[in-house]
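> How does the following fold in three dimensions:
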Amino acid sequence: MEEEHVDPASAPGRPRSAGPWLLRVAAGFVLVLVLLTLGLGGGTADGHRIVSSAAQQAQLDAEGRFRTLAEQARAATGTDPALAARLAPLAADLDVQAAAVALPRPPGGGTAPALSVPPLTPAATPGSAADLLPALRESALRSLRDAVTADPGPGRVLAAAGANQWRHAVLLGEALGVEPGLPSPDATVTAAVTAGEPAVGQEPGQAEGQEPGQAGACAGTPLGPEADRVALQSARSAEEQAGYGYEVAAGLLDDPAPALVRARLHADLAAAAAARLAELCVTVPPAPLAYTIDAAFRADPVAALRDVDQERAELYAGLLPTVGPGGRAWIVASFNAAAQRSLAAGTPLDALPGLVVDAP
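Numbers count the residues shown, from 1 in each chain. From the prediction side, this is the model:
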């Protein structure tokens, strides 16, 4: 008769080993924790939101800041009902900006984020529009600063939100009869262009990729990322055309002085872009002597300049995601300055100026 073999661990009356069973229970418990962390909308069980980088932290902070400012604007309408027409659009724009900059909720099963931050809590609501103005001004400036270091997509949103809040602060200051406390947009561009410093270990005047001691020496091969070179070429051409447009407008306007100041600013920015291209060993052709000016421009130069600046704002908004960190500050400052000029000239104030949003 063939002998029957019995597994001792499964024999009647013999106790099973607890090791495998405990391992399965522990693994299931860990899986539940992971699903709770990742599968329930990008947060922890106690309502914390989670981020994985400094750039995401900036997005999270911006979302909370925008939502809080929106609530403050709505609350201020009760204290200053005469300003409701000014505060209601601000609150609506802030709602749009908060939704646009919000972190996407990760799907279940993704990589676990590295950081956890407390859930957002509303700040104390100010009692008036005058209390709201400083917070709005600081949010505009911070949004523009964060746009320089944010990830490309959110950077465009932060820059557009900053430009919108900048304009709202100007309009709110006018309604209150006070200065909003913001710097000149054109001055911020000049500062951004002239504040460039060599990278760590790079000599002054030495372009990225050159050996020390070889600054200004080109071997015929362009240096630096191609996207940066293309952005600089686009910016140089745009600034040259804008400068020419302001020069023509100066001859058509009753007061030519402001247009001539703007023409010089654009010429300086075009020259700065050309100088940077030369440092990157890119051949810079001479600027055209003139550009085409149509009859509509001559008939209404103010409206034409508004359109010129709106087009520049859209250009810089499009360039922002393409350039490396070294060119971001100039791009963001140039975008905001162009947007402010266009908005001041009568362009409708969108929640995200400069961003072309497809119609649904």
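> Can you show me the strands along the stretch 1-150 of the chain?
49-51, 115-117 (DSSP state E, counting those that start in this stretch).
> between those, which has the poorest average model confidence?
Of all the strands of the stretch 1-150 of the chain, strand 115-117 carries the lowest average pLDDT, namely a mean of 39.
> Pop the domain breakdown of the protein in here.
Under automatic domain parsing, the residue ranges defining each domain of the chain are 49-114+125-176, 187-195+221-344.
> So which of the ones you listed is nearest Ala351?
Checking these against Ala351 by CB to CB gives domain 49-114+125-176 as the closest, at 3.8 Å. All C-beta spots, glycine's among them, are computed from the backbone N, C-alpha and C.
> how distant is the closest one from the center of its chain?
The chain centre lies 12 Å from the centre of domain 49-114+125-176; the measure is CA atoms, centre = their mean, to the nearest Å.
> what do you get for stretch 283-295?
The mean C-alpha position of stretch 283-295 is separated from the chain mean by 31 Å, CA atoms, centre = their mean.
> Quick one: end-to-end distance for that stretch.
34 Å (CA to CA, to the nearest Å).
> Could you give the average pLDDT over it?
82.
> contact partners of that stretch?
Arg236, Glu240, Gln241, Tyr244, Gly245, Val248, Ala270, Ala274, Leu277, Ala278 (CB atoms under 8 Å, 6 or more residues apart in numbering).
> just checking, what packs against the one helix or strand the fourth one maps to?
For Tyr244, the enclosing helix or strand under DSSP states H and E is helix 226-250. The elements that helix 226-250 packs onto, with contact taken as 3 or more CB pairs under 8 Å, 6 or more residues apart in numbering; DSSP states H and E, are helix 257-279, helix 295-299, helix 301-319, helix 325-344.
> now the longest one, how far from the chain's geometric center?
Taking CA atoms, centre = their mean, one finds helix 257-279 lying 24 Å from the centre of the chain it belongs to.
> Pull out the buried residues from that helix.
Across helix 257-279, burial judged by 16 or more other CB atoms under 10 Å covers 259-260, 262-263, 265-274, 276-277, 279.
> What of the last one?
Residues of helix 325-344 classed as buried under the neighbour-count rule (16+ other CB under 10 Å) are 327-343.
> Name the nearest residue to Pro325, sequence neighbours excluded.
Spatial nearest neighbour of Pro325, excluding adjacent residues (CB to CB, 6 or more residues apart in numbering): Thr149 at 7.2 Å.
> let me redo that: Asp350
Nearest one to Asp350, counting by CB to CB, 6+ apart, is Asn164 at 7.2 Å.
> For stretch 326-338, give the mean pLDDT please.
89.
> can you list contacts of it?
144, 147-149, 155, 159, 162-163, 166, 185-186, 188-189, 191-193, 195-196, 199, 208, 228, 231-232, 235, 269, 309-310, 312-313, 316-317, 319-320, 323, 354.
> Produce a PyMOL select command limited to the buried residues of the residues you listed.
To isolate the buried ones among those in PyMOL, judged by 16+ other CB under 10 Å, type:
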select buried, resi 144+147+148+155+159+162+163+166+185+186+188+189+192+193+228+231+232+235+269+309+310+312+313+316+317+319+320+323+354
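> No further queries at this time; thank you.
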